[in-house]
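*Asks:* Pasting a predicted model and its sequence here:
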Amino acid sequence: MDSGALSYTGIEGSKNMVEISKETMNRANGKVIHTTMEDWDYPSSYYHMVVSRLALHYISDIESMFDKIYNSIEQEGTFIFSVEHPVMTSSYGIHKAEGFKQDWIVDNYFHTGVREQEWLGGTAIKYHRTIEDYYTGLQKAGFSIESLRESRPREENFQNQETYKRRMKIPLFLFMKAKKI
């Protein structure tokens with residue numbers, strides 16, 4: 001909203017995060033609703049832009065989700081999202097010995113579906129998809145893909161060469177931008 005949005009509707013599955021948003025987003029033109037993306041009743045042709053940050057890899061039926069989002073966006077509207085990069089989600093079962101992971105094994109890339117990852121003392125269920133799955137899913141929903149980015153590191157953003165070189169090994173995130181046509 002600081003960049004000029006007239007209103008904001010957030011969908012959040014965590015009650016704790018909804019409460020935090022009430023504290024941090026104290027504006028009349030923004031609201032956060034406690035529900036899941038799958039259960040949300042998407043209004044038809046309502047939004048100018050839909051943004052999803054690191055959430056779609058938790059959704060089992062991505063094509064249905066893309067259809068819902070497409071139908072909720074007005075003509076010429078934009079959908080922008082980020083997910084963990086598929087080279088990351090393909091191989092959750094491979095663990096580092098100690099310290100930072102130095103070598104990356106991409107395995108089972110084309111075996112899409114459920115992946116389990118240990119996260120914050122629990123197990124997170126995510127869904128691995130290929131880049132092609134995201135791309136064709138958007139197309140099937142009716143979107144025109146405008147941009148695909150893979151979070152290539154920029155050297156000036158790192159305090160030391162060691163971290164920069166380690167981050168140049170694989171992309172951590174996938175970003176896509178699509179337009180309703």
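*Replies:* Perfect, thanks for sending it.
*Asks:* where does the protein dip in pLDDT?
*Replies:* Scanning the chain for pLDDT under 70 picks out 1-2, 26-28, 92-103.
*Asks:* can we see that at 90?
*Replies:* 1-8, 19-31, 88-108, 116-122, 124, 166-167, 170 (pLDDT under 90).
*Asks:* the strands in it, which residues?
*Replies:* Ranges of strands in the chain, per DSSP state E, are 8-12, 30-34, 47-53, 73-84, 113-119, 122-128, 143-149, 173-180.
*Asks:* right, so the ones you listed: which one is the most enclosed?
*Replies:* strand 173-180 (a mean of 20; mean count of other CB atoms under 10 Å). Any C-beta I mention is one placed from the backbone N, CA and C, and that applies to glycine too.
*Asks:* Would you mind pulling up the elements that it packs against?
*Replies:* Judged by 3 or more CB pairs under 8 Å, 6 or more residues apart in numbering; DSSP states H and E, strand 173-180 is in contact with strand 73-84, helix 131-141, strand 143-149.
*Asks:* Within the sheet, what are the partner strands of it, with directions?
*Replies:* strand 73-84 (antiparallel), strand 143-149 (antiparallel) (DSSP bridges).
*Asks:* Pull the residues that contact that strand.
*Replies:* If you take CB atoms under 8 Å, 6 or more residues apart in numbering as the criterion, strand 173-180 is touched by 54, 70, 73-86, 131, 134-135, 138, 142-151.
*Asks:* if we go to 6 Å?
*Replies:* With contacts defined as CB atoms under 6 Å, 6 or more residues apart in numbering, strand 173-180 is touched by 70, 73, 77-83, 85, 138, 143-149, 151.
*Asks:* how far is that strand from where the chain is centred?
*Replies:* 9 Å (CA atoms, centre = their mean, to the nearest Å).
*Asks:* now swap in stretch 164-181 and tell me
*Replies:* Stretch 164-181 has its C-alpha centroid displaced from the chain centroid by 10 Å (CA atoms, centre = their mean).
*Asks:* Kindly report the same for stretch 141-159.
*Replies:* Distance of stretch 141-159 from its chain centroid, counting by CA atoms, centre = their mean, is 12 Å.
*Asks:* Having no further points to raise, I will conclude here.
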